[in-house]
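Asks: Coordinates for the following, if possible.
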Amino acid sequence: MENIEKIVLDKHKLISEDSRLSSFDGKFEKYKIEINKLLLNPYNDRIAKERSEDKDFDENNLKKKWFSDNVQQKISDLIWNINTKRNEQTLKNIKEIGIEKPIVIDQIGLVIDGNRRVSISRKILKDSSLNLEQSNKLKEINCIVIPKTLNKNEISEYETKLQMAEDSKLEYDPINIYLKVNKLLKEKKEEILNQEARYKAVSQLMGSTKYNKNIIKTFGETFDVMEDYLTSIGKEKKYKELEHKEDQFKNFSKFWINLEQKKYESPNFDFQDIENRKNIRKICYALINQQVEGKIFREIFPKTKNPSGPFTSKKSIEYLKNQLKINDSNDENLKKWVENSNYKKFPSEKLKKFIKTSKDISLGVNDEINKNTKVFIEDILEKIKKLKIKFQEKKDKNNKPFLNNIKEIKNKINEIINDIEKDRY
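Replies: Numbers count the residues shown, from 1 in each chain. Prediction:
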């Protein structure tokens with residue numbers, strides 16, 4: 001591979017420094033370089049998700065042939081297909097005025113910033129209808145040369161600083177942002193042991209208020225769930241499988257962290273039970289795999305401010321039973337678990353107080369209890385006792401009168417609950 005330094009020795013130096021690279025050490029000089037001497041970057045994070053589907057981009061294969069015509073063409077195709085509409089507009093602009101902002105390369109000609117513009121320019125140069133002036137404008141382009149050959153981590157760092165903070169840049173695909181953040185966190189792990197400090201370092205590297213430390217932390221935690229999901233469905237590292245599902249993963253990731261921190265207390269489920277945890281994770285992944293829309297997913301796994309956790313409304317249980325399709329015939333236990341899921345209302349503070357006071361009265365611990373409160377509770381307990389007798393009488397008879405009168409019993413129970421909820425208690 002011909003060294004760019006050798007190429008630029010006899011070329012005219014245009015300027016001595018570029019402000020976009022001021023945060024890096026050293027001076028970076030700008031030269032006119034032939035576009036066919038440049039190499040598209042196979043580690044370009046804009047195509048991270050897309051290249052995960054192609055074996056030529058496997059690490060072992062890439063080392064041998066990343067500069068081959070075949071791989072270079074594949075990189076160009078992936079870049080074009082990410083956003084054809086935007087790329088067509090860029091093609092039109094470059095055809096009219098050329099490349100205005102310099103391309104950033106290292107000393108072997110690897111493109112660090114400007115892969116899309118280089119790729120599109122080469123596409124234009126293949127157009128037989130191109131006039132001489134247009135052709136000459138693109139054959140040699142302005143390049144800033146970083147005077148060394150960069151390793152993978154350095155490529156990633158330069159690319160991130162040059163691209164993420166610029167609002168005018170073409171937006172990254174959401175999944176490729178997750179992949180970029182995960183890659184940066186792994187790279188920083190070698191030099192920064194403290195996890196919170198790593199989140200901060202990556203946030204600073206990305207150089208934008210959009211990606212503060214807490215956002216980076218959320219990206220990292222969510223990506224862990226994404227990887228676990230891909231492993232569970234037998235598609236490890238196949239990141240295209242994550243498309244249009246990031247909202248569900250973010251929602252479930254937050255829920256799972258709260259679950260592990262024991263923030264939920266629910267009458268419906270024991271969240272610390274290992275079997276329940278396994279089933280909840282299976283349910284989540286099955287719903288995501290079935291592409292259940294975000295609104296329904298959030299109904300089943302509601303916002304994490306709810307102290308009762310998921311499955312805390314009748315609607316959520318109905319959605320769960322109606323939406324979840326378990327095709328694996330071996331997972332009979334999960335089917336039964338879902339079928340047996342029932343909604344139980346979480347007791348209000350007044351009901352909790354009533355239950356505690358009732359227990360105190362039954363245990364004789366009633367010195368501190370107001371006399372009126374004691375009379376009221378004893379009256380309620382007597383009503384409940386009569387209801388129990390009536391309920392048993394109805395149950396012992398044949399089914400028809402029991403069903404006809406169940407509404408009456410239900411109404412009486414509601415009357416008792418309403419009495420307890422009133423301000424008098």
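Asks: Okay, buried residues for the helix or strand containing Lys180 please.
Replies: Here Lys180 sits within helix 174-189, counting by DSSP states H and E. Buried positions in helix 174-189, judged by neighbour count with 16 or more other C-beta atoms under 10 Å: 175-185, 187-188. (Glycine included, C-beta is placed from N, CA and C.)
Asks: Show me what it packs onto, helices and strands only.
Replies: With contacts taken as 3 or more C-beta pairs under 8 Å, 6 or more residues apart in numbering; DSSP states H and E, helix 174-189 sits against helix 48-51, helix 152-163, helix 195-206, helix 213-232, helix 246-260.
Asks: Ok, which of these comes nearest Glu318?
Replies: When those are compared by C-beta to C-beta, helix 246-260 sits nearest Glu318, at 18.8 Å.
Asks: looking only at pLDDT, what's the mean for that closest one?
Replies: The average pLDDT within helix 246-260 is 85.
Asks: what are the C-alpha coordinates of the following helix or strand past it, in PDB please?
Replies: Beyond helix 246-260 in the direction of the C-terminus, DSSP H and E gives the next helix or strand as helix 274-289. Extracted C-alpha coordinates of helix 274-289, given in PDB (Å, rounded to 0.1, in the frame of the first residue of the first chain):
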ATOM      1  CA  ILE A 274     -36.100 -17.000  40.000                       C
ATOM      2  CA  GLU A 275     -38.700 -18.800  37.900                       C
ATOM      3  CA  ASN A 276     -40.800 -15.700  37.700                       C
ATOM      4  CA  ARG A 277     -37.800 -13.700  36.500                       C
ATOM      5  CA  LYS A 278     -37.000 -16.200  33.800                       C
ATOM      6  CA  ASN A 279     -40.500 -16.100  32.600                       C
ATOM      7  CA  ILE A 280     -40.700 -12.300  32.600                       C
ATOM      8  CA  ARG A 281     -37.500 -12.100  30.500                       C
ATOM      9  CA  LYS A 282     -38.800 -14.800  28.100                       C
ATOM     10  CA  ILE A 283     -42.100 -12.900  27.800                       C
ATOM     11  CA  CYS A 284     -40.300  -9.600  27.000                       C
ATOM     12  CA  TYR A 285     -38.100 -11.200  24.300                       C
ATOM     13  CA  ALA A 286     -41.100 -13.100  22.800                       C
ATOM     14  CA  LEU A 287     -43.100  -9.800  22.600                       C
ATOM     15  CA  ILE A 288     -40.100  -8.000  21.000                       C
ATOM     16  CA  ASN A 289     -39.500 -10.800  18.500                       C
END
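Asks: Run the angle between helix 274-289 and helix 246-260 for me.
Replies: Put simply, helix 274-289 runs at 170 degrees to helix 246-260, going by axes from the mean of the first three to the mean of the last three C-alpha atoms, to 10 degrees.
Asks: How about helix 274-289, which residues are buried there?
Replies: For helix 274-289, a neighbour-count test (16+ other C-beta under 10 Å) marks Arg277, Asn279, Ile280, Arg281, Lys282, Ile283, Cys284, Tyr285, Ala286, Leu287, Ile288, Asn289 as buried.
Asks: about what we covered before: so which of the helices and strands packed on helix 174-189 is the most surrounded?
Replies: Per-stretch averages of neighbours, counted by mean count of other C-beta atoms under 10 Å, single out helix 48-51 among the helices and strands packed on helix 174-189, with a mean of 22.
Asks: what's in contact with that helix?
Replies: 42, 57, 78, 81-82, 173, 175-176, 179-180, 183, 239-240, 242-243 (C-beta atoms under 8 Å, 6 or more residues apart in numbering).
Asks: switch the cut-off to 10 Å
Replies: 42-45, 57-58, 62, 71, 74-75, 77-79, 81-82, 172-180, 182-183, 238-243 (C-beta atoms under 10 Å, 6 or more residues apart in numbering).
Asks: OK, contacts around Lys250?
Replies: Tyr178, Thr218, Phe219, Glu221, Thr222, Val225, Met226, Gly294 are the contacts of Lys250 under C-beta under 10 Å, 6+ apart.
Asks: Alright, I will stop here.
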